[in-house]
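let me see the structure of the following:
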Amino acid sequence: MMLTRLLSALLASGLLLLTPGTAVVAAPDLLSGSAATGGEAAETADPTTLVDIQRRLAELAVEQAAVAQQLKQAEASPSMGPQSRHLARSVEKLLQVEQLLKAQAGLAQSLAKEPAAGTGTPLPADEPSVFLLNALYEEKATADSALREKRLTLASARDQLDALAQRSREANAALRDTDEENRARNERAARSAALAARLQEEQVNLAALELRAAQADAVRGTALDSRITAVRESLANNEGEADGAMSVIVDREGALQRSKSRTERQLATAELRLAAEKKRYADNPQASEEVLGVVEALTAYRDVIGKQIALTNAELDRLVTLREVWADWESLLRGTYAPNDLVAWRDLADSQLADMKLTEALRKGQLADLQIRLDGLETRISQLPAGSKVRAAWVETQGALNSLHGDLLAADRQLAADRRLTLRFSDEITAITGHVSFGEYFTRAVGAVRELWNFEITTIDDAPFTVGSLTMGLLLFAAGLWASRLGAAFVGRLAARRLKLDVGAIQAIHTFSFYALFIGFTLLALNAVHFPLTAFTFLGGALAIGFGFGSQNVMNNFISGLILMLERPVRAQDVVEVDGAHGVIQKIGPRSTHIRSTDGRHIVVPNSFFLESNVVNWTLSDDLMRTRVSVGVAYGSPTRLVKKLLEEVVLAEPLVLNEPPPNVIFDAFGDNSLNFDVYFWVEARTPMRVREAQSRIRFAIDDVFREHNLVIAFPQRDIHFDAAAPLQIRLLDGGKIPKAATRRVTITPAGPLL
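Predicted coordinates for the structure are as follows:
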């Protein structure tokens, strides 16, 4: 604040110049305020004292006269157009400063006249009653609420002052570095920035005075505390007025009934007018659009009156329960109740609070909708010709809507007061019973956390900046930084292990990964605090186009992965056969599916492959697999015995299921053997388990066939000689047969030679 005043003094004393080429006009402290003439004393003085405010008002009058004189001279010169406009705006700003100073002066005078703390004006000695107790509670709550609001207002005003002071410093820096051609324009900009900072400084001073007044009210709240204690003691001693609140309820009910009767008469009149206009239109179908417009306006007017009646009925219905709350609270304070009454009263309070919470939410929606209708109706009326019946009808409807809007606001305020009353009644029950259920603790804790979470600090681009958004932004930023480091380190290790790159390449991959992850988490954090991301619109559009063309296959596999996880034709740990390779599915990822083959290899299959190609899933519904073992016996073997032995061997194997039973098939008369196939079922999740069962059965078949002298056939050939003519034998190489080439051949005919 002192810096702002110093800048103002410097600008007022040396920068209030006209455009180049004109005479310099003296300016007696245009923007200095109290800092220009006060010296060191002004820096240490309290700017909210009545003396200091009056001094600034006097200095302001001199400044206004000087600026007015300069404005008059500038308007007389045709070449002083920019300077004239600047001075006119300065006059307006100084007038606003004057209004703020007068408001400060009035508030400072009222604070000076108030008695010191502890010697306040005695409170009215009303007859002790529940109504008086609730009124005291309301007065104390209002003072506390006003104090919190004034603190927030002062903090916001100071923040705005800091921003304007920064802008003024930037304008001064630009002025120091400017050339002669742009000096006049930069001088005006610097003076405007300094004057805006001065205006905001007076806003801060006014907010400080208002906070001081609210603090004074809060100090007087200690007297309210003592009065509340006295009223409670009087009620506990069964003193004071009994049923003191009932007269207030009766008065509210009477006022509502009178309002309802008046509104019902308006509704009846509106119905008659609407019926007359409708009859007029029915008698003359060729009537102009003006009649239709009047009918539409009167219909809307009738509906608004109906909503007013509905609002009054809702208020009357709530008075019924509220009457019980008042009576029960008085009984509670006077001690005229039975222990069993507390349970019923708690249920009544909880039910009433829940209904009021729902009604508050509905009222907010009704108010928002009504405001939209009023705005639209204002535009519509402005487009209608003056003096027309349609315009008059819509103006009447607008008045009814404004009346309904006011009634809704009043009903909403009364609803808030009734809710506070019911909450005090509930707290009284809790204080007496000394027991709060876990559900109540949880509900109150959630409500307190939600209220703190939604507390609005400020607004950015008309969006609320709350404690929740700030917390989420900080948490996301911290978590993003941590996750970016972990993710980049993981990517670096993965690149070193899988890609076998050199150290430089790995470091580059690590760095790029960290930046990519950090930027993503930073954008998320900025979005959480409602930071305007429109600056990234162009870059985001370019990236979106690039990703759109380059990620078609990625999106295809991603959507295919979602379909696989939803439809589940294959699942994790399923045994599948892909392109002749068997394996177990390890994981279905967002882009690909990882399969571990039976020989230990890792197979990465795109998700779209499972939807576009034939894939064998051996364990889709269960782990049962049917397989077979083939065996051939020599011709002449007893086939019935072979079948019996095969069935016994299969049934004796523990890995084979008895149900479904095995099946032996005499397959064919082969070239060299009698072929048998034995089919059986096994429970296995891997092909190796099936092969193990087949191997064990083959071992058993070999053992059993040896015991029964059954020969497992092998390929044989029979040679037949035609004996009708002698065999011709020729000797080569001169008839000599080398000794080393001789062979002994023994032929044993299987039957008679042909």
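
in what helix or strand does Asp667 lie?
For Asp667, the element it lies in under DSSP states H and E is strand 663-669.

now the helix or strand just after that strand: buried residues?
From strand 663-669 onward toward the C-terminus, using DSSP H and E, the following helix or strand is strand 674-683. By neighbour count with 16 or more other C-beta atoms under 10 Å, strand 674-683 contains the buried residues 674-676, 678, 680-682. For every residue, glycine as well, the C-beta is placed using N, CA and C.

how far out from the middle of the chain is strand 674-683?
Computed by C-alpha atoms, centre = their mean, to the nearest Å, the chain-centroid distance of strand 674-683 equals 63 Å.

quick check: mean pLDDT of the strand holding Asp667?
Averaging pLDDT along strand 663-669 gives 88.

show me what it is packed against.
For strand 663-669, the helices and strands in contact under the criterion 3 or more C-beta pairs under 8 Å, 6 or more residues apart in numbering; DSSP states H and E are helix 639-652, strand 674-683.

between these, which one is closest to Ser331.
Comparing the helices and strands packed on strand 663-669 by their distance to Ser331 (C-beta to C-beta), the top pick is strand 674-683, with 75.2 Å.

and the angle for that closest one with helix 639-652?
Orientation of strand 674-683 against helix 639-652 (axes from the mean of the first three to the mean of the last three C-alpha atoms, to 10 degrees) gives an angle of 20 degrees.

identify all contacting residues around the helix or strand just after strand 674-683.
Scanning the chain past strand 674-683 towards its C-terminal end, the next helix or strand to appear is helix 687-707 (assignment: DSSP H and E). Residues lying outside helix 687-707 but in contact with it, judged by C-beta atoms under 8 Å, 6 or more residues apart in numbering, are 575, 582, 598, 618, 625, 627, 629, 631, 633, 645-646, 648-650, 652-653, 655-656, 678, 680, 682, 684, 711-712.

so which of the helices and strands packed on strand 663-669 is nearest Asn614?
Within the helices and strands packed on strand 663-669, the stretch nearest Asn614 is strand 674-683; the backing value is 23.8 Å (C-beta to C-beta).

got the contact list for the closest one?
Contact partners of strand 674-683, identified using C-beta under 8 Å, 6+ apart, comprise 623-635, 637, 639, 642-643, 646-647, 650, 653, 655-657, 660, 662-669, 689-690, 693, 697, 713.

correct me, but Ala197 touches Gln166?
No - the pair Ala197 and Gln166 does not pass the contact test of C-beta atoms under 8 Å, sitting 9.2 Å apart.

neighbour-wise, which of the two wins?
Neighbour comparison, Ala197 and Gln166: the larger count goes to Ala197, with 28 against 14 (by other C-beta atoms under 10 Å).

what's the helix or strand for that one?
Following DSSP H and E, the helix or strand that holds Ala197 is helix 183-236.

and the nearest residue to Gln109 once chain neighbours are set aside, how close does it get to Ala112?
The spatial neighbour of Gln109 that comes closest, neighbours along the chain excluded (C-beta to C-beta, 6 or more residues apart in numbering), is Leu50 at 6.2 Å. The span separating Leu50 from Ala112 equals 6 Å under the rule C-beta to C-beta, to the nearest Å.

cool, Lys389 as well?
Going from Lys389 to Ala112 by C-beta to C-beta gives 58 Å.

now swap in Thr263 and tell me
Shown here: Thr263 relative to Ala112, a distance of 48 Å by C-beta to C-beta.

which one's more surrounded, those two?
When neighbours are counted by other C-beta under 10 Å, Thr263 and Ala112 differ, and Thr263 comes out ahead with 21 against 9.

contact partners for the more buried one?
Applying C-beta under 8 Å, 6+ apart, we find Thr263 in contact with 305, 308-309, 312.

rewinding a little: partner strands of the strand holding Asp667, with direction?
strand 674-683 (antiparallel) (DSSP bridges).

could you give the angle of the partner strand to helix 687-707?
With the same axes, to 10 degrees defining the directions, strand 674-683 sits at 140 degrees from helix 687-707.

now for Glu138, how many residues are close by?
Taking other C-beta under 10 Å as the neighbour definition, Glu138 ends up with a count of 14.

any idea which element it lies in?
Mapping Glu138 onto the secondary structure by DSSP H and E places it in helix 130-176.

next one: Ala400
For Ala400, the element it lies in under DSSP H and E is helix 389-433.

tilt between that helix and helix 183-236?
For the pair helix 389-433 and helix 183-236, the angle between their directions (the same axes, to 10 degrees) equals 50 degrees.

who does helix 389-433 touch, helix- and strand-wise?
Contact here means 3+ C-beta pairs under 8 Å, 6+ apart; on that basis helix 389-433 packs against helix 130-176, helix 289-334, helix 341-383.

switch to 6 Å and redo it
Packing contacts for helix 389-433, counted by 3 or more C-beta pairs under 6 Å, 6 or more residues apart in numbering; DSSP states H and E, involve helix 289-334, helix 341-383.

leaving out chain neighbours, which residue sits closest to Thr522?
In this structure, Thr522 finds its nearest non-sequential neighbour in Gly480, 6.3 Å apart by C-beta to C-beta, 6+ apart.

that neighbour against Phe521, yeah?
Yes - taking contacts as C-beta atoms under 6 Å, Gly480 lies within contact range of Phe521: 2.2 Å.

tell me the spacing between the residue nearest to Gln109 and Ala105.
7 Å.

picking up where we left off before, from the contacts of helix 687-707, which would you call buried?
The neighbour count (16+ other C-beta under 10 Å) marks 575, 582, 618, 625, 627, 629, 631, 633, 645-646, 649-650, 653, 656, 678, 680, 682, 684 as buried among these.
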